[in-house]
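S.K.: Structure, please.
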Amino acid sequence: MRRVGILAHPRRPESQAVMEEVARTVEARGLSAWTDTSGLIQPDSLKESDFVVVIGGDGAILRAARLCAPFQVPVFGLNIGYLGFLTEAQPPQWEESLNRILAGHYWIESRLMITGSVWKNGECILHEDALNDVVVGRGAIANATRLDAYINDEWATSYNADGVIIATATGSTAYALAAGGPILPPELDNILLVPVAPHFSMERPVILAQGATVKIVVSPQNEWDTVVTIDGQTVVELNGGDSVEVRASEKRSHFIRLQGRNYFFRSLMDRMEPRFLPKHPPGR
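M.R.: Next comes the predicted model:
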């Protein structure tokens, strides 16, 4: 390894202090380091990087993973967020973690990404990759939206719901989980279809076969605002007849892992279970 990128969260001052410490340590080991606090990573920096350290929560990891994917640069996450499903270590452990990475004691995890394409009047106006999910749902007004779902170009069902989540296995632990979807292990390349608050329509989540494509069409009879969001970042307003097509992306995200290859479910429980246990028994 010769060059390492280190990204601090632009709105978390504590992450910048960690970034500076990591950069000094990397350079003391004979490697070059570049740092960024803006969140706008330049492609030229990524092309020459062996890996990127991201200091933040899952949102920061998502952004960095999408930017690194075209260059197949792996991401190593240090968690200063809330749950940190995608991160690998806590800031106090960063020096030990760095030593293990430089010694070659790690493995690379590859995860499916999906591509969302937004179509209006027969024209594709947006084509963007997501690591978590593509969500088609209602706008600011709290009314259900009417959506027709097609799987592999065949009509599957119609939803009268707050929305529909099209998620990867990575996204199965995000919004899709909160909406009642199943948890998929990250090595699966399946796409998950989860309705949000359906009303008198299909209410069960569906796991699609690997390689399946999904098209969500806003019903021409839909009376309310509808939007599509891609990884919670890009937002596009939709009208009746507009559609969103989702399929597996040609790109994949890569993560540096120090835990064993069966880490996922134990890590998941460690993050979820303690949040719901009181520190002290309630008084009687």
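
S.K.: hmm, who's touching the strand or helix carrying V194?
M.R.: Using DSSP states H and E, V194 sits within strand 192-196. The contact list for strand 192-196, computed with CB atoms under 8 Å, 6 or more residues apart in numbering, reads 135, 137, 149, 151, 159, 161-169, 171-172, 176, 179-182, 184, 201-208, 214. The C-beta positions use only the backbone N, C-alpha and C, and glycine is treated the same way.

S.K.: filter those residues to the buried ones?
M.R.: 135, 137, 149, 151, 159, 161-169, 171-172, 176, 179, 181, 184, 202, 205-208, 214 (16 or more other CB atoms under 10 Å).

S.K.: Among the residues you listed, which ones are in strands?
M.R.: Applying DSSP state E to the buried ones among the contacts of strand 192-196, the entries found in strands are 135, 137, 149, 151, 159, 161, 163-167, 206-207, 214.

S.K.: of all the residues you listed, which comes closest to G122?
M.R.: Closest approach to G122 among these (CB to CB): V214, at 19.0 Å.

S.K.: Wait, the closest one touches I165, no?
M.R.: No. Using CB atoms under 8 Å, V214 and I165 do not qualify as a contacting pair, with a distance of 10.6 Å.

S.K.: Now do stretch 125-137, average pLDDT.
M.R.: Taken as a whole, stretch 125-137 has an average pLDDT of 97.

S.K.: quick one: the residue lying closest to V118 once chain neighbours are set aside and K47, what's the gap?
M.R.: Leaving aside its chain neighbours, V118 sits nearest to L126 (4.1 Å; criterion: CB to CB, 6 or more residues apart in numbering). Here the criterion is CB to CB, to the nearest Å. By it, L126 lies 25 Å from K47.

S.K.: between those two, who's got more neighbours?
M.R.: L126 (14 against 11; other CB atoms under 10 Å).

S.K.: Mind checking what secondary structure the more buried one has?
M.R.: Here L126 is recorded as strand under DSSP: H, G, I helix; E, B strand; the rest coil.

S.K.: roughly how far apart are it and D225?
M.R.: 17 Å.

S.K.: Same check on E14?
M.R.: From E14 to D225 the distance is 38 Å (CB to CB).

S.K.: swap in V206?
M.R.: Distance, V206 to D225, by CB to CB: 26 Å.

S.K.: Now do the contacts for the residue nearest to the spatial centre of the chain.
M.R.: For the chain, N132 is the residue whose C-alpha lies nearest the centre (CA atoms, centre = their mean; 3.2 Å). Counting by CB under 8 Å, 6+ apart, N132 touches 62, 167-168, 170-171, 174-175, 231-232.

S.K.: what does G84 give?
M.R.: 57-58, 77, 271.

S.K.: same question, R261
M.R.: Counting by CB under 8 Å, 6+ apart, R261 touches W107.

S.K.: Give me the three-state assignment for it.
M.R.: Following three-state DSSP, R261 is assigned to coil.

S.K.: Okay, and the beta partners of D148?
M.R.: Beta-bridge partners for D148, by DSSP bridges, are S158, V217.

S.K.: mind checking the SS state of the closest residue to A69 other than its chain neighbours?
M.R.: Take A69 and drop its neighbours on the chain: the residue closest to it by CB to CB, 6+ apart is K251, 4.2 Å away. Secondary structure, three-state DSSP: K251 is strand.

S.K.: Around K251, how many other residues sit close by?
M.R.: Counted with other CB under 10 Å, K251 comes out at 19.

S.K.: Also L192?
M.R.: When neighbours are counted by other CB under 10 Å, L192 comes out with 24.

S.K.: ok, the closest residue to it other than its chain neighbours to E250 distance?
M.R.: Take L192 and drop its neighbours on the chain: the residue closest to it by CB to CB, 6+ apart is A167, 4.4 Å away. Note on A167: its distance to E250, by CB to CB, is 19 Å.

S.K.: Domain map for this protein?
M.R.: With domains defined by automatic domain parsing, the chain comprises 3-106+258-276, 113-249.
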